[in-house]
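J.: Turn this into a model:
(chains A and B)
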Amino acid sequence: MSRVRIRNLWHQYGDRVVLERLNLDVEPRSFVAVAGPSGCGKSTLLRLILGQERPSRGRIEVDGRPLVPEPGPERGVVFQRYSVMPHLTVVENVILGLEFARSRLGRLFGRARRTAMAEAEHALEQVGLIGVRDRYPHTLSGGMQQRLSIAQALIRRPRLLLLDEPFGALDPGTKDAIHRLVIHLWHASAVTIVMVTHDLREAFALGSRVLVLDRVRSDPQAPERYGAAVTYDLPLRRSASEVEEGRRPPEPDALEVSGLEPAREVVRRRGLPGGEVRAASR
Amino acid sequence: MLPFLAAAALYMSASGVRLAANPDDKLMPGPGAMAAAWRSVALEPDARSARYVFWDDTAASLARLGAGLGIATALGLAAGLVIGMLPHVRATLAAAVTVASMVPALSVLPILFIALGIGEVSKIALIVVGILPFLTRDLAQRVAEIPEEQWIKAQTLGASSLQVALRVVLPQLLPRLIDGVRLSLGPAWLFLISAEAISATSGLGYRIFLVRRYLAMDVILPYVAWITLLAFTFDYGLRVLRRRRYPWLEAALAR
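T.: This is a model prediction of the structure:
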């Protein structure tokens, strides 16, 4: 449960401006889905919030304090790939966070290990992986690996969970199941979630608020001169139970929300039927 | 297996032809002569020292090889870990290690003999000097290959640098270390036998270079076969160890 406040954020690599004048307030307990064309700086924004990179200008505050400029246990993360440790079994991957917290050398023994093991098994039950607790990640499907990564990230009870295109590589059926799981965990763990996705449908399916990043200004002679900012900010104000029950797979057109018009606009501008945004960038 | 049988058959026929022309020929002894020579060094005590020369040589060589490999492995692992994990150290040392790995180790041998004497230490040092730069560079490279996502993930799980080293990097480095040692076995034997050939009083390399003076092919050939067998056994053992202990590795490499 964290409040994130971003003020006048700029980020650039050399001359290439990625983000400019970005302002954002993320309320505690919200689920912010960030969409936009590829290369628009979604993942950069996530890395900045994660503390993996420092912004060129501007400030990021978490719960009123300046962001600690390196990744830490108060911010969990799930990446699209390489997100679990290949050399640890499923249960060892989950217990790892507890071992880091409770042992200087990062390894628990005896009773402390059994206690942590029980917690890890509980977490695995929640994500439906208890049956494969002793297998190595490479023997799991992509969807199971991402479930594992989520369980691993949540074991330290972070207040903020950052998801970087976590389900981009999954097939549609697997995606639906894992979407339900994420929604469930979001409610169960009272965590604030910021998710980056290139899939608008996914953004609307999961988020309690959808942000679209894009370049506000552009110079055809120097396409990298200007960075992206928040171009659409759509609070969906959905009740938790509505999402969880999975009624009405949310489509941009079906949503009765105040920000609907801009959403349609985004989709139309990209010339896509409410789905992928990625292909149409620039 | 077939190429070895073919080579053996070829040798036997050539040896037979030479022995038919000259029963005292020393260059291509028959299997009987080699077996007899091997028995005399391996199963009968030496007339002067009352020791079993073959086994003494084996023990001396393996002790040197083991010490050299052990020291190089420990140092290489530590150095590789530090160079791979700490950007500052990498910036300072990586180029130096690269240059050091270009120094032909055998050219350093005279220096080692002068500095360390001609005893055991200089032979072990030659093996270490010969393979340490390669091992260090290889392991540092492996550390650098660990995806950044894993480092970040570990940090978000609250890991300190020490914990990352112990639980994330080191366990993934150990199987790569086995690979590195396997690749180093050939050079290690080379350095060992070179050092023994130049200055030693026992050892497999010492022996074959000693009996060379008497054209004693009947001793040299069994020794070469034995060295080959030892080297192959180590390589095979390490390969099996890697497969058994690190079942996750093949998949990790395939990605």
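
J.: Give me the distance between the residue nearest to the spatial centre of chain A and A:V182.
T.: In chain A, the centroid-proximal residue (CA atoms, centre = their mean) is A:L163; its distance is 2.1 Å. When distance is defined by CB to CB, to the nearest Å, A:L163 is 8 Å away from A:V182. In short, each C-beta sits where N, CA and C put it, glycine included.

J.: what touches both of the two?
T.: The contact sets of A:L163 and A:V182 overlap at A:I193 (CB atoms under 8 Å, 6 or more residues apart in numbering or on different chains).

J.: does the residue nearest to the centre of chain A sit in a helix, a strand or a coil?
T.: Of the three states, A:L163 takes strand under DSSP: H, G, I helix; E, B strand; the rest coil.

J.: ok, now which ones touch it?
T.: Neighbours of A:L163 in contact, by CB under 8 Å, 6+ apart: A:V77, A:V78, A:V182, A:I193, A:V194, A:M195, A:V196, A:T197.

J.: Can you tell me which residues in chain A are near chain B?
T.: Residues of chain A found near chain B (CB under 8 Å from any CB of the partner chain) are A:50, A:52, A:70-73, A:75-77, A:79, A:81-88, A:96-97, A:99-101, A:104-107, A:136-139, A:149, A:152-153, A:155-156, A:158.

J.: Please give the number of neighbouring residues around B:M12.
T.: 13 (other CB atoms under 10 Å in any protein chain shown).

J.: so it is in which element?
T.: helix B:2-21 (DSSP states H and E).

J.: for A:A116, same thing?
T.: With DSSP H and E as the test, A:A116 turns up in helix A:110-126.

J.: by contact count, what packs against that helix?
T.: When contacts are defined as 3 or more CB pairs under 8 Å, 6 or more residues apart in numbering or on different chains; DSSP states H and E, helix A:110-126 packs onto helix A:90-102, helix A:142-154.

J.: Off-centre distance for the first one?
T.: This points to helix A:90-102. Distance of helix A:90-102 from the chain centroid (CA atoms, centre = their mean, to the nearest Å) equals 21 Å.

J.: What about the contacts of A:L163, which are in strands?
T.: A:V77, A:V78, A:I193, A:V194, A:M195, A:V196 (DSSP state E).

J.: Let me know the closest of the residues you listed to chain B.
T.: A:V77 (4.9 Å; CB to the nearest CB).

J.: any idea where the helices of the stretch 101-250 of chain B begin and end?
T.: B:105-116, B:120-145, B:148-156, B:161-163, B:170-198, B:204-211, B:217-245, B:249-254 (DSSP state H, counting those that start in this stretch).

J.: Please report the distance of the residue nearest to B:V224 when sequence neighbours are not counted from chain A.
T.: Nearest residue to B:V224, sequence neighbours excluded (CB to CB, 6 or more residues apart in numbering or on different chains): B:I208, at 7.0 Å. Per CB to the nearest CB, to the nearest Å, B:I208 is found 43 Å from chain A.

J.: And for B:G186?
T.: Distance of B:G186 to chain A, computed by CB to the nearest CB: 28 Å.

J.: Over to B:L75?
T.: Relative to chain A, and taking CB to the nearest CB, B:L75 is found at 22 Å.

J.: Quick check: which element contains that residue?
T.: helix B:53-85.

J.: So for A:R217, what's the nearest residue that isn't a sequence neighbour?
T.: A:Y226 (4.4 Å).

J.: Confirm that that neighbour sits in a strand.
T.: No: read with three-state DSSP, A:Y226 is coil and lies in no strand.

J.: Was I right to think it contacts A:D214?
T.: No: here A:Y226 lies out of contact with A:D214, judged by CB atoms under 8 Å, at a distance of 10.6 Å.

J.: Compare those two (neighbour count), which wins?
T.: A:D214 (21 against 16).

J.: and stretch B:145-153, how far from the chain's centre?
T.: Offset of stretch B:145-153 from its chain centre (CA atoms, centre = their mean): 32 Å.

J.: For that stretch, buried residues please.
T.: B:I146, B:E149, B:Q150, B:W151, B:I152, B:K153 (16 or more other CB atoms under 10 Å in any protein chain shown).

J.: returning to what we had before: what's the closest of the helices of the stretch 101-250 of chain B to B:A8?
T.: helix B:217-245 (10.4 Å; CB to CB).

J.: which helices and strands sit right next to that closest one?
T.: By 3+ CB pairs under 8 Å, 6+ apart, helix B:217-245 packs against helix B:31-42, helix B:53-85, helix B:170-198, helix B:204-211.

J.: ok, and the closest non-adjacent residue to A:R5?
T.: A:R5's closest residue in space is A:E61 (CB to CB, 6+ apart), at 4.4 Å.

J.: Actually, A:I130.
T.: A:L124 (4.5 Å).

J.: residue contacts, the residue lying closest to B:R90 once chain neighbours are set aside?
T.: Nearest residue to B:R90, sequence neighbours excluded (CB to CB, 6+ apart): B:I83, at 5.1 Å. By CB under 8 Å, 6+ apart, the contact list for B:I83 reads B:V89, B:R90, B:L93, B:A94, B:V97, B:T136, B:A140, B:V143.

J.: could you redo the last one with a cut-off of 10 Å?
T.: Listed by CB atoms under 10 Å, 6 or more residues apart in numbering or on different chains, the contact partners of B:I83 are B:89-94, B:96-97, B:136-137, B:139-141, B:143-144.

J.: Next, count neighbours for A:N23.
T.: When neighbours are counted by other CB under 10 Å, A:N23 comes out with 13.

J.: Distance check, it against A:R29.
T.: Using CB to CB, A:N23 is found at 20 Å from A:R29.
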